[in-house]
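Asker: sequence unavailable; structure follows:
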Ligand SMILES: NC(=O)c1ccc[n+]([C@@H]2O[C@H](COP(=O)([O-])OP(=O)(O)OC[C@H]3O[C@@H](n4cnc5c(N)ncnc54)[C@H](O)[C@@H]3O)[C@@H](O)[C@H]2O)c1
Ligand SMILES: O[C@H]1[C@H](O)[C@@H](O)[C@H](O)[C@@H](O)[C@H]1O
């Protein structure tokens, strides 16, 4: 620990926030956790325990604290907008968990507030951009080894959903990752979204149609299909196969080492995102801490604009889900500030 450390305030101390608290305390160099804010003070205390950080019930106390140099927001997506606007007003760098906000109008307000402040302060926690396999896939696409990309086949499976998880959340909380990876991998915007579904799994909670199949169209003429299955029961899987004119590449299909033991042959499936993307989260946070110590954001991470563009695709996805019709994505012109 040194006087030069980035002093981090964490907001939201649930599953993700508690994991980020440990990450900052144990693995991120030149950063230390100084405050944790959560309306559920017990959770704040639990996440702060053994880190030397204090716990606050009012998240805005953390945002306004003079000993906080930078913020991590890990409250639910519906709570992000007011927290982000307060952080931008204070002028501190913020790593906000995905989604930036659940809908495109509120995401646009965040983008406008950041522009008005005149400084890049917000980055969005689309951690797949830091996953070694995704990085390699992007490299293959960028250097043309697969030829021009034509199709992406994606599968996104969660073992189960927390209480209150809605059909819309399958889009703006889950498929939002594929909206971001599609834009990032291809360097193209999303132009339209369609959603269809097979018969629902008996394991789907009441009111949820699960799985669903989302089709993404891009401005460059690529099609991506996404199987989103959030109560698959067996674990966490995220796969992406890119098919190009001269080859195809698949990531996320291996389950680590091939094990033969006690009548069993095969690999492992991780329980949740913490196992599958642990390295990506660490890399994301280390680079963010480095940039935030200089008062800015990591240029390789998703910006507020990327968060807004993903939210606009989510809006089309939610509309397509409700109407059964293909929905076009409505996006404002990209300001020079984000070029
Ligand atoms: N990148 C990933 O793979 C990944 C994985 C899981 C969650 N997330 C994201 O992290 C965020 C949190 O998700 P989670 O699964 O930890 O949720 P969670 O429900 O487990 O925890 C959320 C916490 O935020 C607190 N909270 C609620 N309203 C708040 C407010 N206004 N201000 C501050 N705190 C508030 C709750 O009391 C709770 O402790 C979401 O944005 C989610 O999409 C990202
Ligand atoms: O909030 C979580 C998280 O973003 C996971 O990475 C994703 O797989 C889940 O579907 C989502 O609900």
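Answerer: That came through fine. Keep in mind the model is a prediction, meaning the values are calculated, not measured. Ligands and ions are numbered 1, 2, ... in the order given.
Asker: ok, the one residue in the stretch 1-150 of the chain that gets nearest to ligand 2 to residue 131 distance?
Answerer: Ligand 2 sits closest to residue 98 of the stretch 1-150 of the chain, with a gap of 6.0 Å, by C-beta to the nearest ligand atom. C-betas here are computed from N, CA, C, even on glycine. Per C-beta to C-beta, to the nearest Å, residue 98 is found 14 Å from residue 131.
Asker: got it, and residue 220?
Answerer: As defined by C-beta to C-beta, residue 220 lies at a distance of 23 Å from residue 131.
Asker: so the two - more neighbours on which side?
Answerer: Higher neighbour count among residue 220 and residue 131: residue 131, with 22 against 12, using other C-beta atoms under 10 Å.
Asker: model confidence for the more buried one, exactly?
Answerer: The score at residue 131 is 98. That number is its pLDDT.
Asker: list the contacts for residue 78?
Answerer: Applying C-beta atoms under 8 Å, 6 or more residues apart in numbering, we find residue 78 in contact with 101, 102.
Asker: my guess is it is in a strand, correct?
Answerer: No - Residue 78: not assigned to a strand; according to DSSP: H, G, I helix; E, B strand; the rest coil it is helix.
Asker: what number of residues lie near residue 244?
Answerer: There are 18 residues near residue 244, going by other C-beta under 10 Å.
Asker: I meant residue 255, not that one.
Answerer: Close neighbours of residue 255, defined as other C-beta under 10 Å, add up to 14.
Asker: next: residue 337.
Answerer: 15.
Asker: part of a helix, is it?
Answerer: Yes - checked against three-state DSSP, residue 337 lies within a helix.
Asker: right, and residue 255 touches residue 265 too?
Answerer: No - between residue 255 and residue 265 there is no contact under C-beta atoms under 8 Å: 11.6 Å.
Asker: one step back: tell me the contacts of the residue of the stretch 1-150 of the chain closest to ligand 2?
Answerer: Residues near residue 98 by C-beta under 8 Å, 6+ apart: 77, 124, 125, 126, 176, 177, 180, 302, 307, 310.
Asker: the host helix or strand of residue 318 near ligand 2 anywhere?
Answerer: Per DSSP states H and E, residue 318 falls inside helix 304-323. No - between helix 304-323 and ligand 2, judged by C-beta under 6 Å from any ligand atom, nothing touches; the nearest distance is 11.8 Å.
Asker: phi, psi for residue 201 please.
Answerer: phi -60, psi 140 (degrees, to the nearest 10).
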